[in-house]
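Undergrad: Fold the following and give me the result.
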Amino acid sequence: ILMLLSMPTGLDPDLLRAFAFIAEEGSFTRAAARVGRTQSAVSMQVHRLETLLGQKVLSRGRGGSVRLTAQGQYLLDRSRELLALNDEIWKAFRAPQVQGTVRLGTPDDYALRYLPQVLRSFADAQPAVQVEVVCAPSAEVTARLEAGALDLTLCSEGAERPSGDAVRLWRGRLMWITSERHAPHRMDPLPLSLGISDERWRGDCCWRQAAIAALDRAGRRWRMAYSSSSMTGSQAPVLAGLAVTVSPSVWLPEGLRALGPDEGLPELPDTGILLLKARRPRQPVTDVLAAHISETFAAEMRRLDRA
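TA: Model prediction:
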């Protein structure tokens, strides 16, 4: 009996989830919408959690703003770990086991930034599914998808085929990128480092097309100094101060910066990341992976919005 009395009180995952959503959203109202409950119900959950812990974890400010206390920040980090483990156990016992192989295409740049997280969490959730990954430029992976050699692919917006079923994962502004230490953007003609033009896959890099079209409309002289099939390859000459390139500003390595609107180069259009599905993909593994990729990107976009 003494041993039972000394055991710590368990923490309800539902209370921790409500708390984590409030912390992520910065709002009781938005957190309530995510869990499908009323704001008052979520407030009661937080009150119960604070009563159990004997500490304040959230502080409300003016205008309904919410911030974490020091104890709340400690709790948030560990709540995420506990909830991830809770969800993993739940899915392992409740979710139907999916088996098979799915073929996924992706440009190299998206593979480096997003794929490790996607593949790791997908392997934990669906251990019986094998994912075969093909890394190639957007024009190539979309052509392979159309030919039936892939089930799913990520690609840059503008590279999709009219017949494809596209889901937008992310959208943002395409920016001119230069070196932090050098000023190649001041050269005339402007030296460019952009994606390759490869007729084998019936299309230029869409970022390359956007950059050249913007310069031509502005009457700015340019020369193609370097070409690469990957963003990393395009950025290397820029780091050396030999050229400028284009990309979203959220993906810049140290040593590069986005040019401002007052630095002499024309405005570029928005760009996006799409998820395309083949006409006759392998099922049900394709839909399972597609849903997982969409959820992972949505979580990443929420994190960037809060940063």
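Undergrad: got the end-to-end distance for stretch 270-285?
TA: Stretch 270-285 has an end-to-end distance of 32 Å (criterion: C-alpha to C-alpha, to the nearest Å).
Undergrad: Correct me if wrong: Pro184 contacts Leu239.
TA: No: contact between Pro184 and Leu239 fails when scored by C-beta atoms under 8 Å: they sit 10.5 Å apart. Heads up, the C-betas are built off the backbone N, CA and C, glycines and all.
Undergrad: where does this structure have low pLDDT?
TA: Along the chain, the model assigns pLDDT under 70 to residues 1-9, 63-64, 92, 94-96, 161-164, 197-204, 303-307.
Undergrad: Just the helices from it, written as ranges.
TA: Counting by DSSP state H, the chain has helices at residues 2-6, 13-25, 28-35, 39-53, 70-94, 108-113, 115-125, 138-146, 206-218, 231-239, 285-306.
Undergrad: Please convert the ones you listed to JSON lines, extending it with mean neighbour count.
TA: As requested, those are exported to JSON lines (neighbours: other C-beta atoms under 10 Å):
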{"stretch": "helix 2-6", "mean neighbour count": "6"}
{"stretch": "helix 13-25", "mean neighbour count": "20"}
{"stretch": "helix 28-35", "mean neighbour count": "17"}
{"stretch": "helix 39-53", "mean neighbour count": "16"}
{"stretch": "helix 70-94", "mean neighbour count": "13"}
{"stretch": "helix 108-113", "mean neighbour count": "19"}
{"stretch": "helix 115-125", "mean neighbour count": "16"}
{"stretch": "helix 138-146", "mean neighbour count": "24"}
{"stretch": "helix 206-218", "mean neighbour count": "17"}
{"stretch": "helix 231-239", "mean neighbour count": "21"}
{"stretch": "helix 285-306", "mean neighbour count": "16"}
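Undergrad: what's the closest of those to Leu275?
TA: Smallest distance to Leu275 across the helices of the chain (C-beta to C-beta): 5.9 Å, for helix 285-306.
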